[in-house]
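# From the sequence below, what's the structure:
(chains A and B)
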Amino acid sequence: MLTTRPRGTADILPGQVEKWQYIEAIAARVAKEYGYREVRTPIFEHTELFTRGVGEDTDIVEKEMYTFQDRGERSITLRPENTAAVVRAYLENSLYAGPQPVKLYYVGPMFRYDRPQAGRFRQFHQFGVELFGTNHPASDAEVMAMAMDFYGRLGLTGLELHVNSVGCPNCRPVVRESLLKFFEPVYDELCPNCQNRYRKNPLRLLDCKSERCAELSKTAPTTVDCLCGDCRTHFEQVQQYMDDLGVPYVLDNRLVRGLDYYTHTAFEIMASDIGAQSSIGAGGRYNGLIEAVGGAPAPGIGFALGLERIILSLDKRGYAPDLKPIPEVFLTVTGDTASREGFKLLASLRAAGISADMDYQGRSLKAQMKYAGKISARYVIIIGDAELQQGRIVLRDMSAGEQQEVALPDVVAAVTLGLGGE
RNA sequence: GUGGGUGUAGCUCAGGCGGUUAGAGUACCAGAUUGUGGCUCUGGGGGCCGUGGGUUCGAGUCCCAUCACCCACCCCA
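As a prediction, this is how the structure comes out:
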């Protein structure tokens, strides 16, 4: 073999691809019902969009981006997430000048240079939505409810929606300060990781899984403790709307998002059955992002859901796609004349919207029948010398094991009737 | 980036303390008295034993390196 697929990528083959089509179809339907229209942005963008939009000292930007120079010596990056790119498209195409709010959704591949493991790939896919132009707490609730609605339609139950508020530029420094103050006396006892977090991203001190750190941070101040008045009110109203909708959620004041642009509401949806990478979807409000990317300040909120992880969870629950046999009709032909007659019949069947195929291998009738059985064709049409002389063919129903003779001009009608009668 | 596990037909796996032409099941192809699938039987094709070094008279087997996959850390969807 010349080569293999790059690490962390996957070929999605027939038998698997139907699951993707199923998920994508439901995503499109749900998006439409919630008033979102699809947007397709480039797979790659100028690197600066992500360094500015996602945040200079996030893990994504520091060590996970696929970045390269193109032939024009521009620094290009394969998108590691899509929010920054959709914001860019929103600004570049002046969508802020149209009716507000603007609701966009996308489905497509993202790229992160990570070490692959269960539920984690270098090329993975997300279904995401972005809602620009409103800061109303109901919109926070709607976005979260929509994500849960989508999972529900797929048959994914038992997921946990964790919700938190990470504050705004006013209260974020307060959280930071109080965390630094709280952990300062025990700095030496923190794990090396957390000592690093202490310096770079104190918020993350709250969700360390190491026993000692968890113990130490038990009484630590949380984001919610430090919220300013506006943030507190907003968060309470979001919860009110969630309660009104009856969407279950758990308040999780340790929930911190890795991306810099989040403000106010942050949420994460967890699946317990897909391995260590249990986050199946996440999102939040990003009222500072549009300005950071160079636009006039405007609020925004969205989510991104991982399709590979959805499939993992579906698989765990034994979901199998409905596979309709392709083709519906298989033509067996013996001899050159039959082959030519069959070729014409094949075209008429297809023209009538019936999926049909015939043997091109010159195999024995028996072998052709065997093949038709293996690909689970619904009907087999047998054309040989005897049939040609009488102007009739044999139409065999493979699952019933019964067959009848049909005059050539009536074949399409007979097959249509048979398939329609299902 | 760190750690553990695993690499032998398309797939799932056997291969004792190194020793002949490397096996099974399954899948694929063909046949079982010249026109009928599924079941059964018979036969056939198919293997740089992940790759590269090393030890040895001799390596699928032992050693080293490397790559890939799986799992976990980190982080995230």
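# Tell me, how many residues neighbour the nearest residue to residue A:322 once chain neighbours are set aside?
Spatial nearest neighbour of residue A:322, excluding adjacent residues (CB to CB, 6 or more residues apart in numbering): residue A:18 at 7.7 Å. For every residue, glycine as well, the C-beta is placed using N, CA and C. Counted with other CB atoms under 10 Å, residues neighbouring residue A:18 total 15.
# After whichever strand or helix holds residue A:18, heading C-terminal, what element do we hit next?
According to DSSP states H and E, residue A:18 maps onto helix A:17-33. For helix A:17-33, the succeeding helix or strand toward the C-terminus, using DSSP H and E, is strand A:37-38.
# hang on, the earlier thing: show me what contacts the residue nearest to residue A:322?
A:321-323 (CB atoms under 8 Å, 6 or more residues apart in numbering).
# can you list the residues you listed in a markdown table and add neighbour count?
Converted to a markdown table, those look like this (neighbours: other CB atoms under 10 Å):
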| residue | neighbour count |
| --- | --- |
| A:321 | 14 |
| A:322 | 6 |
| A:323 | 10 |
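# Turn these into JSON lines, including secondary structure and pLDDT.
Shown next, in JSON lines, are the contacts of residue A:18 (DSSP: H, G, I helix; E, B strand; the rest coil; pLDDT from 0 to 100):
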{"residue": "A:321", "secondary structure": "coil", "pLDDT": "78"}
{"residue": "A:322", "secondary structure": "coil", "pLDDT": "76"}
{"residue": "A:323", "secondary structure": "coil", "pLDDT": "74"}
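# filter those down to the ones near RNA strand B?
Taking CB under 7 Å from any atom of the strand as the test, RNA strand B is in contact with none of those.
# From those residues, pick the one nearest RNA strand B.
residue A:323 (15.3 Å; CB to the nearest atom of the strand).
# Surely that closest one touches residue A:15?
Yes: the criterion here is CB atoms under 8 Å, and residue A:323 meets it with residue A:15 at 7.3 Å.
# Domain parsing of chain A, as residue ranges.
Domain segmentation of chain A under automatic domain parsing yields A:17-171+A:223-316, A:329-420.
# quick one: is the shortest one near RNA strand B?
Yes: applying CB under 7 Å from any atom of the strand, one finds domain A:329-420 touching RNA strand B at A:334, A:361, A:363-367, A:369-374, A:376, A:382, A:384-387, A:394, A:396, A:398-399, A:401, A:403.
# any idea of the mean pLDDT in that domain?
Averaged across domain A:329-420, pLDDT comes to 93.
# Give me the distance from it to the chain's centre.
Mean-position distance between domain A:329-420 and its chain equals 41 Å (CA atoms, centre = their mean, to the nearest Å).
# ok, residue A:70 touching residue A:78?
No: contact status for residue A:70 versus residue A:78: not in contact, 11.8 Å apart, counting by CB under 8 Å.
# Show me which of these two is the more surrounded one.
Neighbour comparison, residue A:70 and residue A:78: the larger count goes to residue A:78, with 20 against 9 (by other CB under 10 Å).
# I'd like to know how far the more buried one sits from residue A:71.
16 Å (CB to CB, to the nearest Å).
# now do residue A:265
Between residue A:265 and residue A:71 the computed distance is 42 Å (CB to CB).
# Same check on residue A:363?
51 Å.
# Would you state the helices of the stretch 251-400 of chain A in chain order?
Using DSSP state H, counting those that start in this stretch, the helices found in the stretch 251-400 of chain A span residues A:289-292, A:307-316, A:336-351, A:365-374, A:385-390.
# Please spell out which residues along the longest one are buried.
In this case it means helix A:336-351. Of the residues in helix A:336-351, A:338-339, A:341-342, A:345-346, A:349 count as buried by neighbour count, 16 or more other CB atoms under 10 Å.
# Just the closest of these to RNA strand B, please.
Nearest to RNA strand B, judged by CB to the nearest atom of the strand, of the buried residues of helix A:336-351 is residue A:338 at 8.3 Å.
# The closest residue to that closest one other than its chain neighbours: neighbour count?
What sits nearest to residue A:338 in space, not counting adjacent residues and going by CB to CB, 6+ apart, is residue A:383, at 4.4 Å. Using other CB under 10 Å, residue A:383 is surrounded by 25 other residues.
# same check, this time on residue A:372
Applying other CB under 10 Å, we find 26 residues neighbouring residue A:372.
# my guess is it contacts residue A:328, does it?
No: using CB under 8 Å, residue A:372 makes no contact with residue A:328, being 11.1 Å away.
# Could you measure from residue A:4 over to residue A:11?
Residue A:4 is 10 Å from residue A:11, by CB to CB.
# wait, I meant residue A:129
Distance, residue A:129 to residue A:11, by CB to CB: 28 Å.
# out of the domains of chain A, deepest packed?
The highest mean neighbour count among those, using mean count of other CB atoms under 10 Å, belongs to domain A:17-171+A:223-316: a mean of 18.
# So what would you say the end-to-end distance of that one is?
17 Å (CA to CA, to the nearest Å).
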